[in-house]
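Novice: Here is a sequence with its predicted model. Questions after.
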Amino acid sequence: MSPPVAVDIDALYARLDALIAIAPLPPDGACRLALTEADRAGRDLFCGWAEAAGLEIAVDAIGNIFATLAGADPALAPVMSGSHLDTVATGGRFDGALGVLAALGTLEAVRAAGLTPPRGLVAAAFTNEEGARFAPDMMGSLVFAGDLPLAEARATRGVDGALLGAELDRIGYAGPLAPGAIRPHAFVELHVEQGPVLDAEGIAIGIVEGVQGISWQEFTFAGEANHAGATPMAMRHDAGYAAAAVATALRALTRRIPGLLATAGRIVLEPNLINVIAHTATLTVDLRHPDEAALREAEAALAEAVAAAARDAGVTHAARVLARFAPVTFAPMVREAVAGAAAAHGLTARPIVSGAGHDAQIMARIAPSGMIFAPSIGGISHNPAEATRREDIAAAVAVLADVLTTLCRKDTP
Ligand code: HGY
Ligand code: MN
Ligand code: MN
């Protein structure tokens with residue numbers, strides 16, 4: 001299928017506006033935590049747009065949504081593109097939504113051009129990519145890839161105590177399709193970089209080589225509630241002190257292991273009162289590194305720091321793994337298609353490894369996968385101030401459309 005197709009960028013922005021309007025956060029972000037009413041509303045919008053475009057819609061048992069433009073040869077596996085509609089609590093305009101809407105817009109453009117792709121084209125919206133409410137992240141694509149049993153996913157308890165399966169049923173997105181029923185020929189995800197590299201270098205397109213490894217753990221320290229004023233320091237069993245010590249130790253760990261990123265994103269103290277020594281502290285630690293051995297070294301060092309902090313504070317501790325993904329390298333077939341499309345459009349481009357996790361890193365387990373990055377202004381993301389220049393969005397969407405129309409040819413390997 002040779003003629004390039006032109007995706008309607010005005011329509012894409014109008015849809016981004018409609019998604020933001022569901023649960024807006026100033027200046028330009030949103031809060032659509034997975035499986036909340038806001039997520040349901042975003043899903044409903046996507047299904048409405050896909051239906052109006054004449055696409056076939058399917059929802060699988062974990063709530064992944066697939067909109068399909070049938071290909072000329074149904075025997076050929078389709079090419080899939082997409083991302084996620086859920087956001088973190090401080091979400092931006094583009095994180096996830098851009099990839100879903102760019103995929104939808106590409107299918108609409110192919111249809112509007114009167115073209116029938118040799119292979120079908122599928123626009124996907126995966127459930128709970130963020131993992132902010134229900135860990136792990138990339139949950140929908142993990143179930144789709146067969147690496148997380150549906151029952152286990154449905155039994156997940158969120159940070160707010162909600163049960164994932166009950167929430168999925170409540171919003172009406174526990175679909176009839178068996179997870180993994182669609183086996184894509186290739187998967188491509190368009191996403192904003194969420195980091196500072198492309199913007200700082202003035203590069204329009206990121207040819208994503210892979211995604212760094214991710215290690216999420218939750219540590220619980222158990223001490224003893226006591227009076228902040230009457231309890232001698234030597235008598236304390238202060239869970240809050242242990243959690244704070246570990247959070248502080250992370251910075252030293254990143255100096256010890258070059259390339260390591262470490263974040264204590266969530267600390268919950270109980271009873272969380274000014275004049276009571278915390279009897280319980282829950283701390284999450286997010287470690288990232290492009291090298292698996294270095295990530296394991298960091299996990300081992302973290303375990304030592306946790307044990308030392310617990311001893312020093314006179315408390316017990318327990319650890320729970322919330323997510324663990326090894327680094328992933330994307331398929332040369334997809335990376336070459338991205339590089340070729342960027343060159344064909346005369347766009348500056350460079351290889352880049354993703355700092356953030358994405359559904360594409362899970363899809364890479366079952367199909368040749370890859371990603372296209374658009375620059376994030378100032379590298380800001382997971383923040384309502386997330387922004388990308390419109391011309392950069394238009395350029396990246398044009399590259400995605402070319403990559404998809406290239407990969408859906410019959411002769412692609
Ligand atoms: O955590 C991540 O990197 C992704 O946003 N879920
Ligand atoms: Mn994302
Ligand atoms: Mn995100």
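Specialist: Cool, got the structure. Ligands and ions are numbered 1, 2, ... in the order given.
Novice: ok, and the closest non-adjacent residue to Val334?
Specialist: Gly370 (2.9 Å; CB to CB, 6 or more residues apart in numbering). From N, CA and C alone the C-beta is placed, and that goes for glycine too.
Novice: in a helix, that's where that neighbour is, yeah?
Specialist: No: under DSSP: H, G, I helix; E, B strand; the rest coil, Gly370 sits outside any helix and is assigned strand.
Novice: pLDDT score for it?
Specialist: On the pLDDT scale, Gly370 is placed at 98.
Novice: And Arg133, by the same measure?
Specialist: Predicted confidence (pLDDT) at Arg133: the value is 98.
Novice: Tell me who's in contact with it.
Specialist: With contacts defined as CB atoms under 8 Å, 6 or more residues apart in numbering, the neighbours of Arg133 are Leu33, Ala34, Leu35, Thr36, Gly158, Val159, Asp160, Ala162.
Novice: Spell out which parts of this protein neighbour ligand 1.
Specialist: Glu129, Glu130, Gly131, Asp137, Ala356, Gly357 (CB under 6 Å from any ligand atom).
Novice: State the distance from the fourth one to His84.
Specialist: The reference is to Asp137. 9 Å (CB to CB, to the nearest Å).
Novice: go on, Val353?
Specialist: Separation of Val353 from His84 (CB to CB): 20 Å.
Novice: between the two, who's got more neighbours?
Specialist: Between Val353 and His84, counting by other CB atoms under 10 Å, His84 is the more crowded of the two (31 against 17).
Novice: what comes into contact with the one helix or strand Ala243 maps to?
Specialist: Assigned by DSSP states H and E, Ala243 falls within helix 239-256. Residues from elsewhere that reach helix 239-256 (CB under 8 Å, 6+ apart): 219, 221-223, 260-264, 267, 269-270, 277-283, 285, 298, 301-302, 305-306, 308-310, 312-313, 315, 317.
Novice: got a list of what Leu260 touches?
Specialist: Counted by CB under 8 Å, 6+ apart, Leu260 has contacts Leu253, Thr254, Leu287, Arg288, His289, Ala294, Leu295, Ala298.
Novice: count of neighbours near the last one?
Specialist: Neighbour count of Ala298, defined by other CB under 10 Å: 25.
Novice: so it touches Pro258, yeah?
Specialist: No: counting by CB atoms under 8 Å, Pro258 is not a contact partner of Ala298; they are 10.9 Å apart.
Novice: if we can go back for a sec, for the residues of the chain next to ligand 1, work out which two are farthest apart.
Specialist: Set against one another by CB to CB, these have their most distant pair in Gly131 and Ala356, with a gap of 11.5 Å.
Novice: mind listing what Ala395 touches?
Specialist: Ala204, Ile205, His345, Leu347, Ala374.
Novice: now do Thr127
Specialist: With contact set as CB under 8 Å, 6+ apart, Thr127 has these partners: Ala34, Leu35, Ile62, Gly63, Asn64, His84, Asp86, Met139, Gly140, Val143, Leu168, Tyr173.
Novice: Relative to Ala135, how far out is it?
Specialist: Applying CB to CB, the value for Thr127 to Ala135 is 13 Å.
Novice: Can you report how many residues neighbour Thr388?
Specialist: So Thr388, with other CB under 10 Å, has 23 neighbours.
Novice: and it, helix, strand or coil?
Specialist: What three-state DSSP gives for Thr388 is coil.
Novice: And it, what's its pLDDT?
Specialist: If you check Thr388, the pLDDT there is 98.
Novice: Which segments of the protein make up each domain?
Specialist: Split into domains by automatic domain parsing, the chain comes to 9-211+328-407, 213-325.
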